[in-house]
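would you be able to build a 3D model of this:
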Amino acid sequence: MSRAPRATLAAACMAASAAAHALPSYDSVRAGWRSADVIVLDRHGAPLSRVREDFGARRGDWVTLAEISPAVRTAIVLSEDRRFYAHSGVDWQGVAAAAWANLWNTRTRGASTLTMQLAGLLDDDLRRAGGRSVGQKMAQALRAAALERDWSKDQILEAYLNLVPFRGELVGLSALSQALFGKYPSGLDAREAALAVALVRAPNARAAQVAQRACGILREQGLPKACEGLGGFAQLTLPRGGAAAGAPVAAAAVSGPDLAPHLARLLVAQARAAGAVPASITSTLDAGLQRLAADSLGRHLRELAGRNVEDGAVVVLDNASGEVLAYVGSSGALSGAAQVDHAAAPRQAGSTLKPFLYAQALEARRLTPASLLDDRPVNLPAGGAGGLYVPQNYDHRYAGWVSMRAALASSLNVPAVRTLVMVTPHRFHQRLVALGLPLPQAGDYYGYSLALGSADVPLLALANAYRAFANGGAYAPVRMRAGAAAPAARAVMSPAASYLIADVLSDRHARARTFGLDSPLTTRFWTAVKTGTSKDMRDNWCIGWSQRYTVGVWVGNASGASMHEVSGVAGAAPVWHDVMEALHRAVPSAAPAMPAGVERVALRFAGDLEPAREEVFLAGTAMRVVDMVDAVDVASAAPARAPARDGVPAIGSPADGTVFALDPDIPPAAQRVWFRAEGAGGRAAQGVRWRVDGKPLGRGAQMAWFPWPGWHRVELLDAGGKVVDRIGIEVRGAVAKGAPRG
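Residues are numbered from 1 along each chain as shown. The predicted structure follows:
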C-alpha cells in the first residue's frame with residue numbers, strides 16, 4: 001500500500017475514533033428532541049392545543065417503540081435491515097453481498113444497517129450530500145458499533161423511526177402518520193406501514209413508485225392480497241405528482257386536542273416576544289371548564305339558527321388571582337371566521353359600561369341608589385358637528401322619575417346619559433382607561449354616547465374590568481400562563497361604591513321592569529350581572545360575577561352583520577347562566593360582606609313612586625323617605641322652541657332637528673317616539689292632528705309614532721286642518737324584520 005492511502009486510512013481511523021467518543025446517549029437524544037409544534041397544556045397538565053413554531057420541518061411528538069404499530073416495526077426491519085437483531089452495528093454479510101453486486105452489476109445495493117443510518121442521522125458530517133468518503137464510511141461503521149454497545153436494539157429502532165426524514169418536510173414517523181393517514185403511529189395497518197417504510201429510501205418518489213415498493217414489502221411479509229388497490233390508495237394518500245425536496249405536505253386531520261387555539265397562539269406569541277419559546281407552555285386554563293364553555297356557546301348558537309348569528313366568545317376569570325380559567329375565542333365550526341379571536345377583538349360595548357358610570361357618580365356623591373333620575377326624553381348637543389343627541393330608552397314608554405337602582409338594573413338609557421352629563425365624558429373616559437379598557441380616543445370624541453357604550457372594547461378586558469367590582473374596586477391585569485407572577489393590584493373604584501353596584505346588579509326585582517323575574521340572569525345563588533347590546537344588534541354581551549368568578553360572554557358576527565332580534569338576554573345570557581351554574585354546582589356563591597362606609601336602611605318613596613325597600617347608601621348619604629325634592633335634574637341642553645303665541649298650538653317635543661338612534665336592546669314593537677303639542681302658556685293643545693311625511697298619524701295632544709330610519713317631516717294641524725307647526729327629525733339605525741312601520 002502506498003504512503004498516501006495509508007495516511008488517508010490513518011486519518012479516517014482517527015476521525016472515526018473521535019466520532020465514537022462523541023456519541024450521545026439515548027436519554028440525551030430523546031431529551032433534545034423538539035416537536036415542530038408548541039403544545040399548550042391546561043393547569044393540570046392536560047393538552048389543550050398545538051401551535052406550529054418551527055416551519056423548517058414538520059416533526060411530531062417523540063413516540064416510544066411501544067406506541068408504534070408492530071406492522072411498522074416488521075416492515076422497517078424487513079425492508080432496511082433484515083439482520084438488525086443479529087449484527088453488532090455493521091452487517092458484514094450485507095457488506096460482502098453489496099460489494100459483489102457492485103462488482104458485477106450496474107445497479108448497486110447499499111449495505112447500511114439501521115444502526116449505521118441512525119449514526120448518520122445523529123451526525124451532520126456523516127450524512128453530507130454527494131456520497132460518503134472512505135473516512136466517513138469508516139466513521140459511520142465505528143459509530144454504529146459504539147451505538148450498539150451503549151444503546152439497546154429497541155432504543156436504536158425507536159430513535160431511528162423518530163429521526164428519519166420521510167416525505168417533504170415530514171421528519172419522524174409521528175409527523176408522517178398524522179399528516180398522511182390522520183392517525184397516531186400505533187394505529188397504522190400493514191398497508192399504511194408498507195407505504196411509510198417505502199418512503200424511507202425514496203421520500204419524494206411518485207405515488208406509483210412508492211406503491212410498487214410497498215407492494216414488494218407486503219409480498220415479503222406474505223401479504224400479497226394487501227397489494228390490491230394499493231396504487232389508488234397511494235395516489236389518494238400522497239401528494240399528486242410527487243413532492244419536491246423540502247416541499248410541505250398538507251396535513252390530513254392531524255390528531256390531537258384543539259380546545260383553546262386562540263389562547264394557545266397568544267401564549268406562543270408572548271413567549272416569542274420574550275425571546276424563548278419552550279416546547280410546552282402550561283396555561284391557567286381548566287380543560288373541563290374550557291370544553292363546557294365551548295359546548296354551551298355552540299349549543300345556544302345553534303338554537304338561534306335563522307337569526308343571523310354565528311360567532312361568540314366566552315372568558316372565565318378567577319376573581320382572586322386573575323387567572324383565566326376558560327378562553328373560548330370563537331364558535332369554531334359554526335363560524336365563518338373561526339380563526340378570529342373574538343375574546344380579544346374590540347366590539348361596541350353597549351350598555352355594559354353603565355355600572356362603571358354609576359359607580360363614579362356614587363363615589364362623587366352625586367347619586368345614591370335611591371336618587372330619582374328623570375326618565376323622559378332629553379336633547380343634548382352632539383358636539384362640534386351640530387345637531388342633537390337624543391338617547392332612546394329601552395321600551396320608549398318612559399317611566400318618568402325612577403331611582404338609580406331601577407335605572408341601572410333595568411338598563412334604562414336616558415337616566416344613564418343624564419348621569420354622564422353630571423360625571424362628564426372626560427372623567428368617565430379616564431375611569432374606563434384606569435380599568436384596563438383600551439379606548440384610543442379622548443372622552444370628548446365619544447361624547448354622551450359613551451354612557452351607552454359607543455366605544456369598542458375586547459371581551460377579556462371588559463370582563464376583567466367587571467372583576468374589579470368583585471375585588472372591592474381593585475384592578476389588576478389577568479394571568480394566562482401558570483406560574484407567572486401575580487400582577488400588582490391598584491385601587492380604581494372604592495370598595496363601598498363597588499358594593500353598591502353589586503347590590504343593584506344582583507337585584508332581580510329591580511331589573512324585572514325590563515327583563516322579568518325569571519330570565520337567564522337569575523341564578524340559584526348570589527351573582528351580579530349586566531347585559532348589553534350594541535347599535536343595530538351587531539353585538540350582545542352578558543358580563544357578571546359571583547363570589548369567586550367573573551364570566552363574560554359575547555355573541556355576534558365576525559363580519560359585523562346585524563343579528564335578528566337577538567338581545568343580550570336572548571343571545572349571551574343563556575351561555576353565561578350555563579357557565580355560572582357549572583362553576584357553582586358544588587359550592588354556591590355567597591353575597592359579599594358589606595364593607596366599611598356602607599349602611600343599609602329602610603326606605604320608602606313619597607307617593608309610592610317605587611315600592612318600599614331596604615336600600616344601601618354610602619355613609620352620610622342615607623335617607624329614609626324619598627320625595628321629589630330629592631330628584632336629580634339634569635337640564636336639557638337642547639335649544640328651546642319658541643312658545644306658542646296667541647293661542648296657536650305648537651309642537652312642544654321633540655325639537656326640530658332631533659336625531660333619534662334606535663336602540664337594539666328595545667323590542668321592535670315597543671320602539672316609539674312621542675310627539676307632544678302645546679297651546680299658549682304651555683297648556684296641552686286639544687283637537688290637533690298629526691301628519692308624518694304627508695300621511696295622517698292621528699289626533700290628540702300626544703301621539704306615539706313608530707320610528708323608521710330616515711329623515712321625516714312632522715306636521716301639526718289645528719282642528720280646521722291647517723298646518724300650524726312643522727319640524728324635521730332623523731331616525732338612525734336598523735329595525736328588525738317584521739317590525740311594524742306605523
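
quick one: the strands in the stretch 551-700 of the chain?
Assigned strands in the stretch 551-700 of the chain, in chain order: 598-605, 613-618, 625-626, 631-632, 650-653, 658-661, 673-678, 689-692, 695-699 (criterion: DSSP state E, counting those that start in this stretch).

hmm, I typed the wrong one, I wanted the stretch 251-400 of the chain.
280-282, 311-318, 324-328, 347-348, 372-375, 380-381, 388-390, 400-403.

dump those to TSV, plus mean pLDDT.
Listed next are these as TSV, based on pLDDT from 0 to 100:
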stretch	mean pLDDT
strand 280-282	96
strand 311-318	98
strand 324-328	98
strand 347-348	96
strand 372-375	86
strand 380-381	56
strand 388-390	54
strand 400-403	88
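
among these, which comes closest to Gln155?
strand 280-282 (23.3 Å; CB to CB). Every residue, glycine included, has its C-beta placed from N, CA and C.

and the longest strand belonging to the chain, what other elements does it pack with?
If you go by DSSP state E, the chain has its longest strand at strand 723-732. Helices and strands touching strand 723-732, by 3 or more CB pairs under 8 Å, 6 or more residues apart in numbering; DSSP states H and E, are strand 650-653, strand 658-661, strand 710-717.

right, and these - which one's nearest Ala57?
Going by CB to CB, the one of these nearest Ala57 is strand 658-661, 55.7 Å.

burial check on Asp608, number of neighbours?
When neighbours are counted by other CB atoms under 10 Å, Asp608 registers 8.

and Arg43, that one's in a strand?
No - counting by DSSP: H, G, I helix; E, B strand; the rest coil, one finds Arg43 to be coil, located in no strand.

so His712 bridges to which residues?
Ile729 (DSSP bridges).

surely it is in contact with Ile727?
No - counting by CB atoms under 8 Å, His712 stays clear of Ile727, with 9.2 Å between them.

ok, and what's touching stretch 291-299?
259, 312-314, 316, 326, 328, 331-334, 553, 574-575, 578-579, 582 (CB atoms under 8 Å, 6 or more residues apart in numbering).

tell me where the stretch 51-200 of the chain has helices.
Remark: helices assigned in the stretch 51-200 of the chain by DSSP state H, counting those that start in this stretch are 70-80, 92-104, 114-122, 134-150, 153-163, 173-181, 190-201.

for the ones you listed, which one sits closest to Met594?
Nearest to Met594, of all the helices of the stretch 51-200 of the chain, is helix 173-181, at 57.1 Å by CB to CB.

same for that closest one, what does it pack against?
Here helix 173-181 touches strand 58-59, helix 153-163, strand 170-171, helix 190-201, going by 3+ CB pairs under 8 Å, 6+ apart.

show me the domain layout of this structure.
Following the assignment in automatic domain parsing, the chain carries domains at 3-237, 301-626, 650-732.

hang on, Leu267 packs against Ser283?
Yes - contact criterion CB under 8 Å: Leu267 and Ser283 qualify, at 6.1 Å.

joint contacts of these two?
Joint contacts of Leu267 and Ser283 (CB under 8 Å, 6+ apart) are Val40, Met480, Arg481.

low pLDDT regions in the stretch 301-450 of the chain?
In the predicted model, the stretch 301-450 of the chain carries pLDDT under 70 at residues 377-399.

any regions of the stretch 151-300 of the chain where pLDDT drops low?
Ranges of the stretch 151-300 of the chain meeting pLDDT under 70: 239-256.

one step back: least confident of the helices and strands packed on strand 723-732, on average?
Ranked by mean pLDDT, the helices and strands packed on strand 723-732 bottom out at strand 658-661, with a mean of 72.
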